[in-house]
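1. Quick one, what's the 3D model for this:
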Amino acid sequence: MDKRRKAIALKYIEGTEAPVILAKGEGRKAELMLSEAEKSGIPVTEDKVLVDMLGIASAGDIVPENTWQALAVIFSYILNGQKGQSK
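-> A predicted model of the protein is given here:
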């Protein structure tokens with residue numbers, strides 16, 4: 001079983017039906033992606049099952065429809081968390 005860390009960068013682009021996969025990485029590339037996200041203040045969540053599901057798609061693809069509900073929950077959590085932090 002591969003224990004290497006995986007990361008997928010997503011962005012919702014206005015006018016698209018769902019978020020787009022911007023980048024994918026495993027191992028060292030994933031660590032770099034996560035480090036850059038932290039430095040830039042980009043929210044990060046961990047969900048191994050979702051990463052595995054999204055890992056099937058390619059960078060530039062709209063995320064698969066079977067992940068939309070899980071992503072909606074994550075984006076809602078991130079947006080509500082950010083609103084709660086601003087004063």
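2. Work out the gap between stretch 14-28 and the centre of the chain.
-> A distance of 7 Å separates the centroid of the chain from that of stretch 14-28, by Cα atoms, centre = their mean, to the nearest Å.
3. Now do the buried residues in it.
-> Within stretch 14-28, the residues scored as buried using 16 or more other Cβ atoms under 10 Å are 18-21, 24-25. Heads up, the C-betas are built off the backbone N, CA and C, glycines and all.
4. and if you look at stretch 51-63?
-> Buried residues in stretch 51-63 (16+ other Cβ under 10 Å): 51, 53-54, 57, 63.
5. Relative to Ala70, which of those residues is nearest.
-> Met53 (8.1 Å; Cβ to Cβ).
6. Chain neighbours aside, what residue packs nearest to the closest one?
-> Nearest residue to Met53 in three dimensions, chain neighbours excluded: Thr67, at 5.4 Å (Cβ to Cβ, 6 or more residues apart in numbering).
7. I figured that neighbour hits Leu50, correct?
-> Yes: between Thr67 and Leu50 there is a contact under Cβ atoms under 8 Å: 6.3 Å.
8. Between the two, tell me which one has more neighbours.
-> More crowded of Thr67 and Leu50, by other Cβ atoms under 10 Å: Thr67, with 20 against 16.
9. List the contacts of Leu34.
-> With contacts taken as Cβ atoms under 8 Å, 6 or more residues apart in numbering, Leu34 has the following neighbours: 5, 7, 44.
10. can you check Ala37 too?
-> Ala37 touches 9, 43-44, counting by Cβ under 8 Å, 6+ apart.
11. For the residue nearest to Met53, give its distance to Ser58.
-> Counting by Cβ to Cβ, to the nearest Å, the separation of Thr67 from Ser58 is 14 Å.
12. One more: Lys6?
-> 15 Å.
13. now do Tyr12
-> Computed as Cβ to Cβ, the Tyr12 to Ser58 distance reads 18 Å.
14. And the contacts of the longest helix seen in the chain?
-> Counting by DSSP state H, the longest helix found in the chain is helix 68-85. For helix 68-85, the surrounding residues in contact (Cβ under 8 Å, 6+ apart) are 10, 12, 18-19, 43, 45, 47, 50, 63.
15. Kindly provide the whole-number mean pLDDT of it.
-> In this model, helix 68-85 has a mean pLDDT of 79.
16. Cool, thanks, talk later.
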